[in-house]
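Colleague: just to be clear, the model below is a prediction. Sequence and coordinates:
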Amino acid sequence: MIAASAIDVCTEYNLPLAVEDFVPVILAGAAFVILAGAVRARIPRAYGIALAGGLLVTLGGLAKATWKTLVASGCWDYPILENLLFPCIAGGFAAVAWAAMSMVKGREVSPWPYVLFPAAAGIGAAWMSISSGSYENWPLLIAAAVGASVLGITLAVAAFKAGKTSVGVLLVIYTVGTNCLPPLAAQPDQSLELQWGEQLTNSAVQLCFLLSALWLREHFTRLGPASTRTAAADDTTGVTA
């Protein structure tokens, strides 16, 4: 889902390659919906945040894939579609990461780090863009990478602790792929074969996420609802988190 491309798709992408970019977005979107179901089974009050965050990430991916397809098919360039990606994934991954952490811990953790970090990245990106006179998105990309990493690592640890090594490995692949593919995709002057390899790899990474989400929903549904006390309440009452 995370992508930062400086490639001119008018010349570098053909239409089938641009259309294939919808595949990992759809796979990830399905995974987010299923993961939100796992959150609802464990921490019902966090379900709305998990679902909204996942849909926000999916929206950013769909906007970017649509932009690529339009440019590749007729060089119809609508930058707003491309630029929607980074704000969407920065905020969306933070929201899902908070919900996943709450689900794994069995309580609502403090939301402030998950709110303040992407908000600061957004302010930083806006300030840099105004100062330079061009769109600067790397603070949002960093925020998205951190959010996706927290999400993947949190879920992987939960799978390993539950003795489900295969799911843990899938989530490690997802975490590594989510962070390694964007810098590769951003390199200019790539061959068509290399671009196909990168996009098919991204689809495989998102498939790993989808398969993991299926097990997570089953696992946390079996565990059932947990207490919804917050971390702040724990600190106030002296209860050990």
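Modeller: It's in. What you are looking at is a predicted structure, and each value in this text was computed from that prediction instead of being measured.
Colleague: so how far is residue 174 from residue 80?
Modeller: 29 Å (CB to CB, to the nearest Å). Quick note: C-beta positions are derived from backbone N, CA and C, even for glycine.
Colleague: looking at these two, which is more packed in?
Modeller: residue 174 (27 against 8; other CB atoms under 10 Å).
Colleague: wait, the more buried one sits on residue 207?
Modeller: No. Taking CB atoms under 8 Å as the definition, residue 174 is not a contact partner of residue 207, at 9.3 Å.
Colleague: which positions in the longest helix along the chain come out as buried?
Modeller: Counting residues, the longest helix found in the chain (DSSP state H) is helix 192-223. With burial defined by 16 or more other CB atoms under 10 Å, the residues of helix 192-223 counted as buried are 195, 198-199, 201-203, 205-217, 219-220.
Colleague: run the chain-centre distance for that helix.
Modeller: Mean-position distance between helix 192-223 and its chain equals 12 Å (CA atoms, centre = their mean, to the nearest Å).
Colleague: oh, and call the first residue 9 from now on, that's how I've got it
Modeller: Okay, using 9 as the starting number, the last item reads as helix 200-231.
Colleague: if you average the pLDDT over that helix, what comes out?
Modeller: Averaged across helix 200-231, pLDDT comes to 94.
Colleague: so what does it touch, helix or strand wise?
Modeller: The contact analysis (3 or more CB pairs under 8 Å, 6 or more residues apart in numbering; DSSP states H and E) places helix 200-231 against helix 23-28, helix 30-50, helix 146-169, helix 173-193.
Colleague: and of those, who's closest to residue 70?
Modeller: helix 30-50 (5.6 Å; CB to CB).
Colleague: how near is residue 63 to residue 136?
Modeller: 27 Å.
Colleague: where does pLDDT dip in the protein?
Modeller: 9-21, 193-196, 235-249 (pLDDT under 70).
Colleague: identify the residues contacting the nearest residue to residue 90 once chain neighbours are set aside.
Modeller: Of all residues not flanking residue 90 in the chain, residue 75 sits nearest, at 4.5 Å (CB to CB, 6 or more residues apart in numbering). By CB atoms under 8 Å, 6 or more residues apart in numbering, the contact set of residue 75 is 85-87, 89-90.
Colleague: repeat that for residue 216.
Modeller: 178-179, 181-182, 185.
Colleague: cool, thanks, signing off.
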